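**Student:** got a predicted model here, sequence first, then my questions.
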Amino acid sequence: MREWWETKKAKTRKQRKDKEDYTKKDLVLDILFWVPDIIILPIRLIIWLIRGIFRWMDLI
């Protein structure tokens, strides 16, 4: 059991050392997911603001 544990521990340590935390692929995917949010959010805020103003005017 001890030999198995030592080999398993050595393998996982190697994998952690060789593995990069944040790769270029991760950066590209993050940008691709954030671009629609950055474009759509201001449009949604303007629409919510206009709807709120019209509802407020109806109450007056």
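**Tutor:** Good, I have the coordinates. Bear in mind that the values here come from a model prediction, so they are computed numbers and not experimental data. Numbers count the residues shown, from 1 in each chain.

**Student:** for the chain, give me the ranges with low pLDDT.
**Tutor:** In the predicted model of the chain, residues 14-20, 60 satisfy pLDDT under 70.

**Student:** distance check, the most centrally placed residue in the chain against Arg55.
**Tutor:** The chain has Asp30 as the residue nearest its centroid, 6.1 Å off, counting by CA atoms, centre = their mean. Separation of Asp30 from Arg55 (CB to CB, to the nearest Å) stands at 37 Å. Just so you know, the C-beta spots here come from the backbone N, C-alpha and C atoms, and that holds for glycine as well.

**Student:** from the chain's centre, how far out does the helix or strand hosting Glu3 sit?
**Tutor:** Using DSSP states H and E, Glu3 maps to helix 2-18. How far helix 2-18 lies from its chain's middle: 30 Å, per CA atoms, centre = their mean, to the nearest Å.

**Student:** I'd like the distance from the helix or strand where the residue nearest to the centre of the chain lies to the chain centre, please.
**Tutor:** Using DSSP H and E, the element containing Asp30 is helix 24-59. Its chain's average C-alpha position is 16 Å from that of helix 24-59, according to CA atoms, centre = their mean.
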